[in-house]
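Engineer: One predicted model, sequence on top.
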Amino acid sequence: MKVREIMTKSVGTCAPEESLSRAVALMWDRDCGAVPVVSNKEPVGIVTDRDIAVALTTRNLLPSQVSVADIATGRLVVCKEKDNVVKALKKMGKTGVRRLPVVNKKNKLTGMLSLADVIQASARNSKLRKQLLKTLIRLSRPRPIVLSEAG
């Protein structure tokens, strides 16, 4: 099964210079937890609901006062439309992400692959269910908390 067969095709995006207010509005309107950050239709980052919550509570600022670029994850992990879904799941597990922006041959954003997409598709594919379970187990492992020392 290929990523393009199960990915979410209609994805809201933000430009780096837009405010977090715009990203939050997109998440609300599209009932999603992540928004790809794009420049010239190419993904350059991603902002999650968790990123926004942490950024706003630690900075004591309003969403309109913070740009998407200020908090977007720069270490972007993507998959390709033609990738096998099992391969994409392995990438999720290895990198610790729950959603992958999907790009075409020209590195243009064409969709998003989320665990929810995979869960729905796994109902009819036992190999996919097996890899999904492995990925969920890996993503659910506790990660060490690193506290920085004030200097």
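Structural biologist: Yep, that arrived.
Engineer: Only C-alpha atoms from now on, for both contacts and neighbour counts.
Structural biologist: Noted.
Engineer: which residues of the chain score low on pLDDT?
Structural biologist: Counting by pLDDT under 70, the low-confidence segments of the chain come to 146-151.
Engineer: again, only this time at 90
Structural biologist: Screening the chain residue by residue with the criterion pLDDT under 90, one finds the ranges 57, 59-62, 72-75, 96, 119-151.
Engineer: mind checking how far the residue most central in space within it is from Ser64?
Structural biologist: By C-alpha atoms, centre = their mean, the mean C-alpha position of the chain lies nearest to Arg99, the distance being 3.6 Å. Summarising the geometry, the distance separating Arg99 from Ser64, computed by C-alpha to C-alpha, to the nearest Å, is 25 Å.
Engineer: could you list every residue that touches Arg75?
Structural biologist: If you count contacts by C-alpha atoms under 8 Å, 6 or more residues apart in numbering, Arg75 has them with Gly45.
Engineer: How about Asp51?
Structural biologist: Asp51 touches Ile71, Ala72, counting by C-alpha under 8 Å, 6+ apart.
Engineer: Measure how far the longest helix along the chain is from the centre of its chain, please.
Structural biologist: Taking DSSP state H as the criterion, the chain has its longest helix at helix 126-140. Its chain's C-alpha centre lies 17 Å from the corresponding centre of helix 126-140 when counted by C-alpha atoms, centre = their mean, to the nearest Å.
Engineer: Over to stretch 24-38?
Structural biologist: Taking the mean C-alpha point of stretch 24-38 and that of its whole chain, the gap between them comes to 10 Å (C-alpha atoms, centre = their mean).
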